[in-house]
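J.: here's a sequence, model it:
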Amino acid sequence: MITIIDYKTGNLGSIQNILKRIGEDSVITSDKSEIARATKLILPGVGTFDTGMRNLNELDLVEILNKKVILEKIPVLGICLGMQLLSKGSEEGLLPGLGWIDAETVRFRFEHGTEYKTPHMGWNFIKQHKAGGLFNNMYPDARFYFVHSYFFRANDPEDILTSTTYEVEFTSAVERGNILGVQFHPEKSHKFGMKLLKNFVDSY
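T.: Residues are numbered from 1 along each chain as shown. Sure, this is the predicted structure:
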């Protein structure tokens, strides 16, 4: 069962609706017994880093997530804030992240007077750095919808699946074994997002 983690951040129903459109059943839950039965996890999220980690801690979900992801090695996909929570921590807050990937989450910083503003919002392209199941048979014009002011900075280049340029080049998708993350919103990215979620279901 595909399990969408409900830790009180974001519109989880839109992700579930996309999964329905590609013929996949899923459950939205914060119940640890449900999560224990998961065969794939999706960790979505919008909002601030500390709010996300505080909610995970208050719901007592970190231990079961570590068990599923680190010990059982089931596939997990972090989306937007969910990807950032895979890192060790963020300039946005004080709480430690899940630390599943050697990375930090940092803020966009632009020169005074630049045309680039935060948040980075709207459609943008990706550049693939290594073969990865998330982007198998992806459309040649693939582009995705972003909304974020902070980005994931991976310390190991081998973890970088794709990058995107918004004045600076930043990691837009990451993969380390069973742990995957995307900075963009597949559920807002139309056919491109549907294809990516289908690849997540079929390739991991």
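
J.: number of residues surrounding residue 8?
T.: By the other Cβ atoms under 10 Å criterion, the neighbourhood of residue 8 contains 15 residues. Bear in mind the C-beta positions are built from the backbone N, C-alpha and C, glycine included.

J.: tell me which element it is part of?
T.: Per DSSP states H and E: residue 8 is located in neither a helix nor a strand.

J.: residues touching the residue nearest to it when sequence neighbours are not counted, list them.
T.: If the residues on either side of it in the chain are set aside, residue 8 comes closest to residue 55, at 5.0 Å by Cβ to Cβ, 6 or more residues apart in numbering. Contacts of residue 55 were listed using Cβ atoms under 8 Å, 6 or more residues apart in numbering, and they are 7, 8, 9.

J.: mind listing what's buried along the helix or strand that contains residue 55?
T.: Residue 55 is part of helix 49-58, with elements assigned from DSSP H and E. The neighbour-count criterion (16 or more other Cβ atoms under 10 Å) identifies 49, 51, 52, 53, 55, 56 as the buried residues of helix 49-58.

J.: and residue 201, that's in a strand?
T.: No. Secondary structure assignment places residue 201 outside any strand; it is helix (DSSP: H, G, I helix; E, B strand; the rest coil).

J.: dump the C-alpha coordinates for stretch 23-39 into CSV.
T.: Taking only C-alpha atoms (Å, rounded to 0.1, in the frame of the first residue of the first chain), the coordinates of stretch 23-39 have been written out as CSV:
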residue,chain,number,x,y,z
GLY,A,23,-4.8,3.7,-11.1
GLU,A,24,-3.0,3.4,-7.7
ASP,A,25,-4.6,3.1,-4.3
SER,A,26,-3.2,5.0,-1.4
VAL,A,27,-4.0,5.9,2.2
ILE,A,28,-3.5,9.2,4.0
THR,A,29,-2.6,8.6,7.6
SER,A,30,-0.7,9.5,10.7
ASP,A,31,-1.5,6.2,12.4
LYS,A,32,1.6,4.2,13.2
SER,A,33,0.0,0.9,12.7
GLU,A,34,-1.0,1.9,9.2
ILE,A,35,2.5,3.2,8.4
ALA,A,36,3.9,-0.1,9.7
ARG,A,37,2.1,-1.9,6.9
ALA,A,38,3.2,0.5,4.1
THR,A,39,5.1,-0.8,1.1
